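Trainee: what's the 3D shape of this:
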Amino acid sequence: ITIVTGVQTCALPISCARSVLAASAGVMLMPLFLLARAVGDNFVLSNASLSVTISKDGRITSLLDRQLNRELILEGRTAGFVLFEDRPINWDAWDVDIFHLETKSEVNASSVKIVEDGPLRATVGATYQVGKSQIKAFISLDAVAPFAKADALSLVRFDTEVRWHERHQCVFNSEGLDAC
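Mentor: So this is what the prediction gives:
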């Protein structure tokens, strides 16, 4: 079975960068700022609003609101793919029993690299192997907010392609966000 997912976009309650293009005037309101770089074993995507740190294991270890100087990943937590064993009591398909939560394990990437470092978008690509299955994830940050509104939110974008061949296992993208 091959499953290809669409785009999963996570909007975060973060003040937006004012680096948008004035559509009617065609002038830049503020210089664009976007950076993708390797820092030790980590990869960092940054714009005027956010800084996202991705480990060599393909896990988001830091999500910093640069304008509020606030870390949005809970201390001691990471965000990324997690795997659960799925062995339901009654039905084999679409019946995930509560005890599956006891079988959680993190899925780490087999490779992580910067795949795009352009003037408008920076992207880190990661490949994950689970048995005979493969997940390709592309974590992106844009230089400007996706909407030309004064209160537009900056987005961390996740594009994923999943080729799943496992039985009795399910995978989710888990966030360790401090949203309060």
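
Trainee: Assumed residue 61 was part of a helix.
Mentor: No: going by DSSP: H, G, I helix; E, B strand; the rest coil, the assignment for residue 61 is strand, not a helix.

Trainee: now residue 34, nearest residue through space, not along the chain?
Mentor: residue 143 (3.8 Å; CB to CB, 6 or more residues apart in numbering). For every residue, glycine as well, the C-beta is placed using N, CA and C.

Trainee: Check what pLDDT that neighbour gets.
Mentor: Per-residue confidence (pLDDT) for residue 143: 86.

Trainee: Can you tell me how far it is from residue 78?
Mentor: Distance, residue 143 to residue 78, by CB to CB, to the nearest Å: 25 Å.

Trainee: cool, and residue 168?
Mentor: 25 Å.

Trainee: more crowded one of these two?
Mentor: Neighbours were tallied for residue 168 and for residue 78 using other CB atoms under 10 Å; the higher tally belongs to residue 78 (20 against 11).

Trainee: Please tell me I have it right and that one contacts residue 60.
Mentor: Yes: assessed by CB atoms under 8 Å, residue 78 is found in contact with residue 60 at 6.1 Å.

Trainee: returning to that earlier point: the residue nearest to residue 34: how many residues sit nearby?
Mentor: 21.

Trainee: I figured it hits residue 121, correct?
Mentor: Yes: Residue 143 lies in contact with residue 121 (CB under 8 Å); the separation is 7.1 Å.

Trainee: Find residues that contact each of those two.
Mentor: Shared contacts of residue 143 and residue 121 (CB atoms under 8 Å, 6 or more residues apart in numbering): residue 34.
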